[in-house]
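Asker: Got a sequence here, can you build the structure:
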Amino acid sequence: MPDILAIFFLLSLLIYRLHVDLRLPDAAYQLLTYVLLITIGLKGGQAISANANFTLITHSVIVVLLGVLITFVALLFIKFFTKMAKVNAVTLAAHYGSVSVGTFAVAVSYLEVSNIQYNSSINLFVALLELPAIVLGLWILNRKPENGKPNKSFDLKALLAHKSLALILMGMIIGALYGNVAEPMIKNLQPMFGVMLALYLIHMGALAGEKISDIGKNKVFIISFALIMPIIGAALALGAAILMKLDPGSAALLTTLGASASYIAVPAVFAQTHPNANISQALVASLAITFSFNVIIGIKWYTEIALYFMH
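Answerer: The predicted model follows:
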């Protein structure tokens, strides 16, 4: 049976298809995402404070390279099987080279319920994996514009000013500076974290139910890509975890991150820098299909596989 949080998501998706909209008001959704992102940032910052050494630096470099590798593999996958326009191909690939903070939060909850320990440094990797795919995607589109004219795709200010990344970085800076002083704040959030995550998944389930209708002409490829690419990303991330010699719980979380796809940071940045990109198609793949697959059965699979290889 899927994890209890997955049921919240699945039922919300099905109920939306019956024309009952369970999406949260914008203010409530913003509050949930703020709590989620700042908590992840604080834990990542605490990891830096407690484990600032050569190993953490080496692992951080490997994680950044992992984000670049997954983006390239996704782009090759798309280019090999479709004749998708360059801007749409790069946009879709960038979604899968980046990560889903929501998927990570569900995976953390799954490990905690299963009493599986993990290293807090994994929270740092969430922030690190947000950037490479976006930077690489914008660089590709800026380097060889389709119309032959220079563009302003690589807008570093817009990238770094994005809300989700800013909140994670804020939490990381505070966590790194204050270390265990920030621990009471995290502990106070913990009792209601499960309920807040359930509400978040209800909202995301309804949103996924809405996006399914926007799949467009490339239905077969988009569905196939959105189900196969997470497996490829998970395999690459598991390889990185083995190389880094992570503990089983941390390996399970990194594997899950490799399998996830962005539906917050990447679409926001690419919608701003490339208005002609097909963001809806990418969101159908990353949110309606990949997020659904990961939350319902993927996270459990990735955890079991990681535990098998890392023991």
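Asker: Next, work out how far apart Ile48 and Ser120 are.
Answerer: Ile48 is 9 Å from Ser120, where distance means C-beta to C-beta, to the nearest Å. Yep, even glycine has a C-beta here, placed from its N, CA and C like the rest.
Asker: Report the mean confidence score over the helix or strand where Val126 lies.
Answerer: Element membership for Val126, per DSSP states H and E: helix 122-143. Averaging pLDDT along helix 122-143 yields 84.
Asker: just checking, what packs against it?
Answerer: If you count contacts as 3 or more C-beta pairs under 8 Å, 6 or more residues apart in numbering; DSSP states H and E, helix 122-143 packs onto helix 26-51, helix 54-81, helix 86-97, helix 156-160, helix 163-178, helix 248-259, helix 265-273.
Asker: Out of those, which gets nearest to Ala6?
Answerer: helix 248-259 (13.1 Å; C-beta to C-beta).
Asker: coming back round to it: and the direction of the helix holding Val126 versus that of helix 26-51, what angle?
Answerer: Computed with axes from the mean of the first three to the mean of the last three C-alpha atoms, to 10 degrees, the direction of helix 122-143 lies at 110 degrees from that of helix 26-51.
Asker: buried set for the helix or strand where Ala206 lies?
Answerer: Here Ala206 sits within helix 183-211, counting by DSSP H and E. When burial is assessed from 16 or more other C-beta atoms under 10 Å, helix 183-211 yields the following buried residues: 186, 193, 196-211.
Asker: Repeat that for stretch 111-124.
Answerer: Taking 16+ other C-beta under 10 Å as the basis for neighbour counts, the residues of stretch 111-124 that come out buried are 111, 116, 118-124.
Asker: again with stretch 5-12
Answerer: The neighbour-count check on stretch 5-12 (16+ other C-beta under 10 Å) flags 5-10, 12 as buried.
Asker: now swap in stretch 66-84 and tell me
Answerer: Applying a neighbour-count criterion of 16+ other C-beta under 10 Å, the buried positions in stretch 66-84 are 66-67, 69-71, 73-75, 77-78, 84.
Asker: Which one of those residues is nearest to Gln272?
Answerer: When these are compared for distance to Gln272, the smallest value, 19.0 Å, is given by Thr71; criterion: C-beta to C-beta.
Asker: pLDDT wise, what is that closest one at?
Answerer: Per-residue confidence at Thr71 stands at 97 (pLDDT).
Asker: and if you look at the one 5 residues further on?
Answerer: For Leu76, the pLDDT comes out at 96.
Asker: Relative to Leu69, how far out is it?
Answerer: Taking C-beta to C-beta as the criterion, Leu76 is separated from Leu69 by 11 Å.
Asker: want to throw the buried residues of stretch 66-84 into CSV with distance to Ala166?
Answerer: Rendered in CSV, the data for those read as follows (distance: C-beta to C-beta, whole Å):
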residue, distance to Ala166
Leu66, 23
Gly67, 19
Leu69, 26
Ile70, 23
Thr71, 22
Val73, 28
Ala74, 26
Leu75, 27
Phe77, 31
Ile78, 29
Met84, 31
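Asker: just checking, Ser114 touches Ile299?
Answerer: No. Look at Ser114 against Ile299 with C-beta atoms under 8 Å: they stay out of range, at 10.5 Å.
Asker: what about the nearest residue to Gly67 once chain neighbours are set aside, how many neighbours?
Answerer: Leaving aside its chain neighbours, Gly67 sits nearest to Pro132 (3.4 Å; criterion: C-beta to C-beta, 6 or more residues apart in numbering). Residues near Pro132, counting by other C-beta atoms under 10 Å, number 21.
Asker: now swap in the one 10 residues further on and tell me
Answerer: Using other C-beta under 10 Å, the number of residues around Asn142 comes to 16.
Asker: ok, now Ser280?
Answerer: When neighbours are counted by other C-beta under 10 Å, Ser280 registers 14.
Asker: What is the distance between stretch 59-70 and the centre of its chain?
Answerer: Shown here is stretch 59-70, whose average C-alpha point lies 14 Å from the average C-alpha point of the whole chain (C-alpha atoms, centre = their mean, to the nearest Å).
Asker: ok, back up a step: check which residues of the helix holding Val126 are buried.
Answerer: Across helix 122-143, burial judged by 16+ other C-beta under 10 Å covers 122-138, 140-142.
Asker: Where does the prediction get shaky in the stretch 201-311 of the chain?
Answerer: Scanning the stretch 201-311 of the chain for pLDDT under 70 picks out 214, 216.
Asker: Show only the entries of the buried residues of stretch 5-12 found in strands.
Answerer: Judged by DSSP state E, those include no members of strands.
Asker: In JSON lines: these, plus distance to Gly41.
Answerer: Compiled in JSON lines, the buried residues of stretch 5-12 are given as follows (distance: C-beta to C-beta, whole Å):
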{"residue": "Leu5", "distance to Gly41": "21"}
{"residue": "Ala6", "distance to Gly41": "25"}
{"residue": "Ile7", "distance to Gly41": "28"}
{"residue": "Phe8", "distance to Gly41": "24"}
{"residue": "Phe9", "distance to Gly41": "24"}
{"residue": "Leu10", "distance to Gly41": "29"}
{"residue": "Ser12", "distance to Gly41": "27"}
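Asker: Thank you kindly, that will do.
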